[in-house]
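>>> Here is my input; please provide its structure:
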Amino acid sequence: MKVSRFIQLSIMMFLEFFIWGGWFVTLGSFMGNNLESSGAETAMAFSTQSWGAIVAPFIIGLIADRFFNAERILAVLHLMGAVLMYQMSQASGFSEFYPYILGYMIVYMPTLALVNSISFYQMKDPAKYFPYVRVFGTLGWIVAGLIISFVFKWDAAENIANGMLSNTFMMVAIASAVLGLYSFSLPKTPPQNKGGALSLSEILGLDALKLLKDRNFLVFFMSSVLICIPLAFYYQNISPFLTELKVENSTAWASLGQVSEVFFMLLLPFFFKKYGFKKTLLFGMLAWGVRYALFAFGNSGDLFFMLILGIALHGICYDFFFVSGQIYTDSKAGEKYKNAAQGLITLATYGIGMLIGFWVAGQIVDKNALADGTHTWQDVWLFPAIFAVGVLILFGIFFKNETIKYKA
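The predicted model follows:
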């Protein structure tokens, strides 16, 4: 791949995840402080990610795969996102804010698939080159957190109290506009199914439901949905949790999870080959239970290292389960159902699983809210810790070990 092409795609990926990391991490704190939202309302805001994931296949399947170049749709969606982000920065109440965040996630979530499609189309060997492009996305997320904490200090306690987190939406609106305009300069990526008719089952990846006849894949599928409930607790509560404990530069500390994601992504092939798929996933699920126990019993004082260790475990939690799961799904699907199977897993996890997870997290947070606006965080974090261990036990019992082919 040409160096100029690599640079183009890397900038695209950097901006794509800079945009997501620039507001999603601090959303929980923004909801509680700027909008004075309840746990249930915060859950509704985070759940828009799931609704976006559910709608995304329709946008990709009905439009991107049939009529227009992917880079042009990417441009239009991010320009629309810039406008919606600006409106979110101006909102003063939940009822005003919610329609904008819902609209934004409906236009943003399809872009995650589009940047992948654009990248894959330009690569002769995606397995070799894509990780080097994708890592710039993780770097973009990290840089966004560092800017919020160290450049503008919007997540400092006094600035949060003064409503400064609304500036994160303005920053992202500008970045979204930049990526929207930049996307018009990206390499052409024509429709992959131009003129072809797609059924509803093909768009949603439902053709891959045949894979559920395989007992192992069914156990993996159900475990993927269930483990998204603990995952939702992390995304929804890490910022309010650190903010309430008065942790300085909380957004930067939270980005440590993405740093570890890069590290453990490099270790994944080693674990996968040495221990196999089942043990790798069990490592991932065990890490979920351990990290939430660390959050439950750590503090911002002498046990602050426990919070940092819990955040750093994000790499194992995410890579060892979700990335391994994508590899397993690809190996089980075969050529005919590869795309459909990945679409089905995405719909089940980011769609259904996290939709349930955000709702559960909102209920648990409200149940443990105190009169002064604080929370009994130990009880909040123990729920997903125990839940993750339960999923681990069920997966360990019912999933029979099998050898699958994997090209590192």
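>>> Spell out which residues sit in contact with the residue nearest to Gln90 when sequence neighbours are not counted, please.
Sequence neighbours aside, Ser166 is the residue nearest to Gln90 in space, at 7.9 Å (criterion: CB to CB, 6 or more residues apart in numbering). In this view, the C-beta of every residue, glycine as well, is placed from N, C-alpha and C. By CB atoms under 8 Å, 6 or more residues apart in numbering, the residues touching Ser166 are Phe30, Asn34, Ser89, Gln90.
>>> Pick the one among those residues closest to Ser300.
Phe30 (20.4 Å; CB to CB).
>>> name the element the closest one belongs to?
Assigned by DSSP states H and E, Phe30 falls within helix 27-33.
>>> Give me the packing partners of that helix, helices and strands only.
Where contact means 3 or more CB pairs under 8 Å, 6 or more residues apart in numbering; DSSP states H and E, helix 27-33 is packed against helix 39-59, helix 157-161, helix 215-244.
>>> quick one: average confidence on the longest one?
pLDDT averaged over helix 215-244 equals 93, rounded to a whole number.
>>> helix or strand right after it?
helix 250-254.
>>> can you give me the mean pLDDT across that following helix?
Helix 250-254 comes out at a mean pLDDT of 91.
>>> Run the chain-centre distance for it.
16 Å (CA atoms, centre = their mean, to the nearest Å).
>>> Next secondary structure after that helix?
With DSSP H and E, the next secondary element past helix 250-254 is helix 256-297.
>>> Just want the angle from the helix or strand just after that following helix to helix 215-244.
The element immediately downstream of helix 256-297 (helix or strand, assigned by DSSP H and E) is helix 304-312. If you take axes from the mean of the first three to the mean of the last three CA atoms, to 10 degrees, helix 304-312 sits at 140 degrees to helix 215-244.
>>> For helix 304-312, output the C-alpha coordinates as PDB.
What follows is helix 304-312, C-alpha atoms only, in PDB (Å, rounded to 0.1, in the frame of the first residue of the first chain):
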ATOM      1  CA  PHE A 304      -6.100   4.700  44.000                       C
ATOM      2  CA  PHE A 305      -3.900   2.100  42.300                       C
ATOM      3  CA  MET A 306      -6.800  -0.300  42.300                       C
ATOM      4  CA  LEU A 307      -8.900   2.100  40.200                       C
ATOM      5  CA  ILE A 308      -6.000   2.600  37.700                       C
ATOM      6  CA  LEU A 309      -5.500  -1.200  37.500                       C
ATOM      7  CA  GLY A 310      -9.200  -1.600  36.900                       C
ATOM      8  CA  ILE A 311      -9.100   0.900  34.000                       C
ATOM      9  CA  ALA A 312      -5.900  -0.700  32.600                       C
END
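>>> list the buried ones in stretch 157-172?
For stretch 157-172, burial by neighbour count (16 or more other CB atoms under 10 Å) applies to Ile160, Met164, Leu165, Ser166, Thr168, Phe169, Met170, Met171, Val172.
>>> Dihedrals phi and psi, the closest residue in space to the fifth one that isn't next to it in sequence?
Okay, so that is Thr168. Counting by CB to CB, 6+ apart, Thr168 lies nearest to Trp23, which is 4.7 Å off, once chain neighbours are set aside. Here is the backbone geometry of Trp23 (degrees, to the nearest 10): phi -140, psi -30.
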